[in-house]
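Q: No letters, just coordinates:
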């Protein structure tokens, strides 16, 4: 098991409540299909909040 310091990023919830871990994160942590990942929910950004950030010029993490 690889123990690396956590990294903060955001993802979009798609139909059926699924999220996709960005490729750069999967690669950095050696995550493969079938692995279990422990997540910590820190904040929920509503679609309207994300759109406001994008309009303001802030870059959203992938």
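A: Now that the structure is in, tell me what you want to look at. These numbers were taken from a predicted model, which means no experiment stands behind them.

Q: so where's the longest helix in the protein?
A: Of all the segments assigned as helix in the chain under DSSP state H, the longest by residue count is helix 47-55.

Q: in this protein, what spans have low per-residue confidence?
A: When residues are selected by pLDDT under 70, those of the chain lie in 1-4, 57-62.

Q: Am I right that residue 35 is in a helix?
A: No: under the criterion used here (DSSP: H, G, I helix; E, B strand; the rest coil), residue 35 is coil, not part of a helix.

Q: contacting residues for it?
A: Residues in contact with residue 35, defined by Cβ atoms under 8 Å, 6 or more residues apart in numbering, are absent; none qualify. C-beta coordinates here come from the backbone N, C-alpha and C atoms, glycine included.

Q: Using the three-state scheme, assign the closest residue to residue 19 other than its chain neighbours.
A: Distances taken as Cβ to Cβ, 6 or more residues apart in numbering put residue 11 closest to residue 19, at 4.4 Å, once the chain neighbours are dropped. When the structure is reduced to helix, strand and coil (three-state DSSP), residue 11 reads as coil.
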